[in-house]
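[1] take a look and give me a structure for this.
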Amino acid sequence: MSDTELLARRFEEHRGHLKAVAYRMLGSLVEAEDAVQETWLKLGRTETEEIRNLGGWLTTVIGRVCLDLLRSRTARREQLTETGGTFDALDTFVPDPVVGPAARIDPEAEVLQADSVGLALLVVLETLEPAERLAFVLHDMFAVPFDDIARIVDRSPAATRQLASRARRRVKDVAPPAEPDRGRQREVLEAFLAASRAGDLEGLVAVLHPDVVLRVDSGALVRGAAASKVVRGARRVAEQAAMFARFAHATRLVSVNGSLGLATVPDGQPQSVAALTVVDGLITGMYILADPERLTHLGLETLAD
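    Model prediction:
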């Protein structure tokens, strides 16, 4: 076996971990794959004899790659605001979900979903500054020491600790613990589906928290009733759900980032996938990805309850 083949084999041993880091950092499955590939290319340009801890080295490198991507993303958003853009991508953005059959989770999804990283948490992470997100993800989710993270963000370990602390407070304030029991999740989601299929507005309101928030990401090109939006309040969210009752027959339970969610695939054409946060028997958050282009990468048409 050549040195290159041996190095490739060693890299593959870390691929799942690296993709999990990148997914949490970027909220995009495609960008996460690109970040992993960029990390491999950087490894190929490095004198590997000098690397004592390959796993730690790779984690640091992919952290830098993701930080650069996040900073570029932030700059594009600021540019959009400065030019008078009306589409607020941050308000309506829904990260890529990891979707699978409701009855089981495949091995790759298990790696990405470790530690119950739900879409609600990823949405909160989108509101953090890039360096805050890096410090929180690497330290709180992957136990990377602050000394190592400090070298990535070019700050002192104490300042890096503060970055993670601020991020932690934001996450705690905005993303309360959700119902972990899939049986309870199923009861609530099935009640929601039954009310949707029956056109029962009051039934929908009954399973929604009074302060429920609906976030719909339809992409920048979709207009009309299906356009990107943020809707708050049980009745308003129920009215939005009722508008699409005709598609309820094509909606099924699926696994979304380790919890139960909903996928709507009428006539084999993916229309949306939704993550729902359930707390104390009520839906407190709905995160719907309905961007036609991004849906094509999720394999929704092959799923069945």
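[2] list of residues touching stretch 196-210?
    188, 191-192, 194-195, 233-235, 237-239, 241-242, 244-245, 248-249, 251, 279, 282-284 (Cβ atoms under 8 Å, 6 or more residues apart in numbering). Every residue, glycine included, has its C-beta placed from N, CA and C.
[3] from those residues, which land in strands?
    251, 279, 282-284 (DSSP state E).
[4] what subset of those residues is buried?
    251, 282-284 (16 or more other Cβ atoms under 10 Å).
[5] pick the one among the residues you listed closest to residue 23.
    residue 284 (23.5 Å; Cβ to Cβ).
[6] enumerate every residue touching that closest one.
    Contacts of residue 284 (Cβ under 8 Å, 6+ apart): 176, 178, 209, 211-213, 277-278.
[7] so residue 296 is in contact with residue 270, correct?
    Yes - contact criterion Cβ atoms under 8 Å: residue 296 and residue 270 qualify, at 7.1 Å.
[8] what ranges does this protein have for its strands?
    Using DSSP E, strands in the chain cover 99-101, 208-217, 229-232, 251-256, 259-264, 272-279, 282-289.
[9] who's more crowded, residue 296 and residue 270?
    residue 270 (22 against 11; other Cβ atoms under 10 Å).
[10] show me where the stretch 151-300 of the chain dips below the pLDDT cut-off.
    175-176, 221-226 (pLDDT under 70).
[11] mind redoing it with 90?
    171-182, 199, 218-228, 241-249, 258-259, 267-269, 296-300 (pLDDT under 90).
[12] try the stretch 1-150 of the chain
    For the stretch 1-150 of the chain, the stretches flagged by pLDDT under 90 are 1-7, 44, 46-52, 73-93, 100-120.
[13] any idea which of the strands of the chain gets closest to residue 76?
    That would be strand 208-217 among these, by Cβ to Cβ, at 16.3 Å.
[14] identify the residues contacting the residue nearest to residue 48 when sequence neighbours are not counted.
    Excluding the flanking residues, the one nearest residue 48 by Cβ to Cβ, 6 or more residues apart in numbering is residue 7, at 6.3 Å. Neighbouring residues of residue 7 by Cβ under 8 Å, 6+ apart: 43-44, 48.
[15] most neighbours out of the residues you listed, which is it?
    Counting by other Cβ under 10 Å, residue 43 has the largest number of neighbours within these, with 19 neighbours.
[16] for that residue, which residues are in contact?
    7, 11, 58, 61.
[17] isn't the second one right up against residue 40?
    Yes - distance between residue 11 and residue 40: 5.8 Å, which falls inside the contact criterion (Cβ under 8 Å).
[18] need the single longest helix in this protein, by residues.
    helix 54-82 (DSSP state H).
[19] do you know how far residue 22 is from residue 41?
    14 Å (Cβ to Cβ, to the nearest Å).
[20] and these two? Which one has more around it.
    For residue 22 versus residue 41, neighbours defined as other Cβ under 10 Å are more numerous around residue 22 (27 against 10).
[21] quick check: the more buried one touching residue 63?
    No - the pair residue 22 / residue 63 is not scored as a contact, 9.0 Å apart, by Cβ under 8 Å.
[22] residue 131 - nearest residue in space that isn't next to it in sequence?
    Nearest one to residue 131, counting by Cβ to Cβ, 6+ apart, is residue 153 at 4.6 Å.
[23] among the contacts of residue 284, which one is most surrounded by other residues?
    residue 277 (26 neighbours).
[24] measure that residue to residue 209 for me?
    9 Å.
[25] check residue 273 too.
    From residue 273 to residue 209 the distance is 21 Å (Cβ to Cβ).
[26] repeat for residue 65
    38 Å.
[27] need the contact list for the residue lying closest to residue 167 once chain neighbours are set aside.
    Leaving aside its sequence neighbours, residue 167 sits nearest to residue 136 (Cβ to Cβ, 6+ apart; 3.6 Å). Taking Cβ under 8 Å, 6+ apart, we find residue 136 in contact with 125, 128, 163-164, 167-168, 171.
[28] list only buried entries from those.
    Buried, going by 16+ other Cβ under 10 Å: 125, 128, 163-164, 167, 171, out of the contacts of residue 136.
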